[in-house]
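A.B. asks: okay, predicted coordinates and the sequence, questions at the end:
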Amino acid sequence: SSSADWVARNATRWQSSFGNLEANLTTIMLGTNDQGAAMTPETFKANIITMIDRIRAARPTTDILLVCPQENQRTTNTYPMTKYAQAMYEIARDDRDVGFLWLQQSFGVNPADYAYGSARPWMISDGIHPDPDTGGYAIVAALMRAFGLPAL
């Protein structure tokens, strides 16, 4: 899904359903599909703020962690993931009381280093999605560190 998918939903129903979950923590990990749709980072930022506001309307005390995916190997991206990461970081720093985690640091600096077929193949062959057994583990490990939990 993309941030546009989430904000296009009926806000009242969305908030009611979310409130019923009674979540104490919500993670929002979006960006890859927004990137694939060439969504501007400004629109992405506005959508994420809308999502945060809806979550807080339903559950004012829930903690929220924004998780920005690592860069992928899609060659048609209009905007690099750094632009979406910057938008999320600005939200956490300036706009809303939320946490921020960028997975790039966990995957590595150079996307070719973790590409499918590389020495550290953390992505599947489409070059967009993490491999559940390798890249998925890297995501879980990054979340565990962010939460201050012991490594698996």
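C.D. replies: Yep, it's here.
A.B. asks: so which residue is smack in the middle of the protein?
C.D. replies: The centre of the chain sits closest to residue 29, judged by Cα atoms, centre = their mean, with a distance of 2.3 Å.
A.B. asks: for it, report the pLDDT, please.
C.D. replies: pLDDT, residue 29: 98.
A.B. asks: show me what contacts it?
C.D. replies: Taking Cβ atoms under 8 Å, 6 or more residues apart in numbering as the criterion, residue 29 is in contact with 66, 67, 68, 69. For the C-beta atoms, the positions are set from N, CA and C on the backbone; glycine is no exception.
A.B. asks: over to residue 103?
C.D. replies: With the criterion set at Cβ under 8 Å, 6+ apart, residue 103 makes contact with 67, 68, 69, 70, 138, 139, 142.
A.B. asks: which of these sit farthest apart?
C.D. replies: Taking every pair in these and measuring Cβ to Cβ, the maximum separation is 14.0 Å, between 68 and 138.
A.B. asks: neighbour count winner among these two?
C.D. replies: Neighbours per residue (other Cβ atoms under 10 Å) separate residue 68 from residue 138, with residue 68 holding more: 23 against 19.
A.B. asks: ok, now how distant is that one from residue 19?
C.D. replies: Remark: distance between residue 68 and residue 19 (Cβ to Cβ, to the nearest Å) = 26 Å.
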